[in-house]
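Q: using only what follows, build the 3D model:
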Amino acid sequence: MYEGWFFTLKEVLSQSEIDLLLNALSTGEISAEDVKAESTKTDVIKNYDFRRPNKFSKDQLRTLHMIHDNFGRLASNFLSGYLRTSVTVKIASVDQLTYEDFLVSIPSPTLMAVLSLSPLKGTAVFECNPAFTFPIIDLLFGGPGEMPVALREMTDIELSVLKKLISKLMESMVYAWSDIFNFQPVIENIETNPQFNQIISPNETVAIVTLSTTVNQSQGIINLCLPFITLEPVISKLTAHYWFASQDVSGADGAKSIIRNKLLNVPLDLSAVVGHTELTVREFLGLDEGDVIPLDINAGDDFELYVNDHVRFKVQPGLVRSKVGVRVTSKVSGGNNHG
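A: Alright, predicted model coming up:
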């Protein structure tokens, strides 16, 4: 009956609304206790803007959080090795808002890389706060990694160097997303003024992944802006269930395949030892071509095959076409080092 009045108690009432409320109180249609109870109920009411509906579900936002938490660890390891200093990148939050609100929230100047995510249509934005980029610039050009006294525009050379750095960070991004979707990010454009980056409609819903960074003592922020229209083809895969399932199946099999391929390309030193003997220096210097040296094994005994200075196999000598070779006859467990 009078519920509409209580919905606006925390707002400024017009004079006519005040008169209606006082009249209802005086006639006994409602009581002060009813007003108090209804106002308490409104404390838990959350406003919902139907002009800007939420498009990402809570589960999808949680999955984005897990993906980029992994990206933060990968980026920390890469940057620490690349810059040869302590760098940490940690996930701070994942929210959804309009693209216009995102642009308003970031400083100017800043570093904004517009990315294409082939085969996905549309673009994304990778934004780096000055407190993150300037210490890195200082480190790359031989400095101690400090912030400048006053903010300034970045030079063309600095932008070119940072563009290459972001391209390397995108490799970690691809790996972090590999359990959900394989895409190839390409930097289409670099801007320093947010207002020049009108890549989508201002009212479009975007997911904003915010990561906190520390380079030496400077604390900065990285923002990744992912428009809903860009992620729409893979939005059904952004669930924790899908992410964990893909990790358990394809992730484990893929890891085994990668490890196996890496091991197959590891170089090894192999040496077949016929036998051992001891000679004095005088005997060694007195050797001539054709001399016979007795060894500590008998004819027909197996040789020892060393793999990187460890005995691993027993072998027999032979020929492989026109070359001398060996045939493995048994495996040695817990082999000793080459003496």
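Q: only C-alpha atoms for contact and neighbour calcs from this point on.
A: Fine.
Q: then stretch 220-239 to PDB, C-alphas only?
A: Output of stretch 220-239 as PDB, limited to C-alpha atoms (Å, rounded to 0.1, in the frame of the first residue of the first chain):
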ATOM      1  CA  GLY A 220      51.700  -0.300  -9.600                       C
ATOM      2  CA  ILE A 221      48.700  -1.800 -11.300                       C
ATOM      3  CA  ILE A 222      48.000  -3.800 -14.500                       C
ATOM      4  CA  ASN A 223      44.500  -3.900 -15.900                       C
ATOM      5  CA  LEU A 224      43.300  -6.300 -18.500                       C
ATOM      6  CA  CYS A 225      40.000  -5.200 -20.100                       C
ATOM      7  CA  LEU A 226      38.100  -8.100 -21.700                       C
ATOM      8  CA  PRO A 227      34.800  -7.000 -23.500                       C
ATOM      9  CA  PHE A 228      31.900  -9.400 -23.300                       C
ATOM     10  CA  ILE A 229      31.400  -9.300 -27.000                       C
ATOM     11  CA  THR A 230      35.000 -10.500 -27.500                       C
ATOM     12  CA  LEU A 231      34.700 -13.400 -25.100                       C
ATOM     13  CA  GLU A 232      31.100 -14.400 -26.100                       C
ATOM     14  CA  PRO A 233      32.200 -17.400 -28.300                       C
ATOM     15  CA  VAL A 234      34.000 -19.000 -25.300                       C
ATOM     16  CA  ILE A 235      31.900 -17.700 -22.500                       C
ATOM     17  CA  SER A 236      30.400 -21.100 -21.900                       C
ATOM     18  CA  LYS A 237      33.900 -22.500 -21.100                       C
ATOM     19  CA  LEU A 238      34.500 -19.900 -18.400                       C
ATOM     20  CA  THR A 239      33.400 -22.200 -15.600                       C
END
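Q: quick one: contacts of it?
A: Residues from elsewhere that reach stretch 220-239 (CA atoms under 8 Å, 6 or more residues apart in numbering): 55-56, 59-60, 62-64, 99, 120-132, 180-181, 204-214, 243.
Q: same question for stretch 122-135.
A: Residues outside stretch 122-135 that contact it (CA under 8 Å, 6+ apart): 106-107, 109-117, 144-148, 151, 162, 199, 213-215, 218-227, 229-230.
Q: one more pass at 6 Å, please.
A: Contacts of stretch 122-135 with the rest of the structure, by CA atoms under 6 Å, 6 or more residues apart in numbering, involve 110-116, 145-147, 220-226, 230.
Q: the protein: strands as residue ranges?
A: For the chain, strands defined by DSSP state E occupy the ranges 87-98, 111-118, 123-128, 184-191, 205-215, 218-227, 270-273, 303-307, 310-320, 323-331.
Q: of those strands, which is nearest Glu158?
A: When these are compared by CA to CA, strand 111-118 sits nearest Glu158, at 10.7 Å.
Q: need the outlier residue of this protein, farthest from its centre.
A: Gly286 (66.0 Å; CA atoms, centre = their mean).
Q: list the buried ones in stretch 102-121?
A: 102-103, 106, 108-117, 120 (16 or more other CA atoms under 10 Å).
Q: what's the end-to-end length of it?
A: One end of stretch 102-121 sits 21 Å from the other (CA to CA, to the nearest Å).
Q: just stretch 104-116 next, same as before
A: By CA to CA, the extent of stretch 104-116 from end to end equals 22 Å.
Q: what's the mean pLDDT across it?
A: In this model, stretch 104-116 carries a mean pLDDT of 89.
Q: what comes into contact with that stretch?
A: 123-130, 185-193.
Q: how far out from the middle of the chain is it?
A: Centre-to-centre, stretch 104-116 and its host chain are 19 Å apart (CA atoms, centre = their mean, to the nearest Å).
Q: equivalent analysis for stretch 114-127, please.
A: For stretch 114-127, the distance to the chain centre is 16 Å (CA atoms, centre = their mean).
Q: again with stretch 311-322
A: Remark: stretch 311-322 is offset 47 Å from the chain centroid, using CA atoms, centre = their mean.
Q: cool, stretch 136-155 as well?
A: Centroid displacement of stretch 136-155 relative to its chain, using CA atoms, centre = their mean, is 25 Å.
Q: same deal with stretch 318-336?
A: That offset, for stretch 318-336, works out to 45 Å (CA atoms, centre = their mean).
Q: ok, now stretch 153-165?
A: A distance of 22 Å separates the centroid of the chain from that of stretch 153-165, by CA atoms, centre = their mean.
Q: buried sites along that stretch?
A: Neighbour counts over stretch 153-165 (16+ other CA under 10 Å) mark 154, 158-159, 162-163 as buried.
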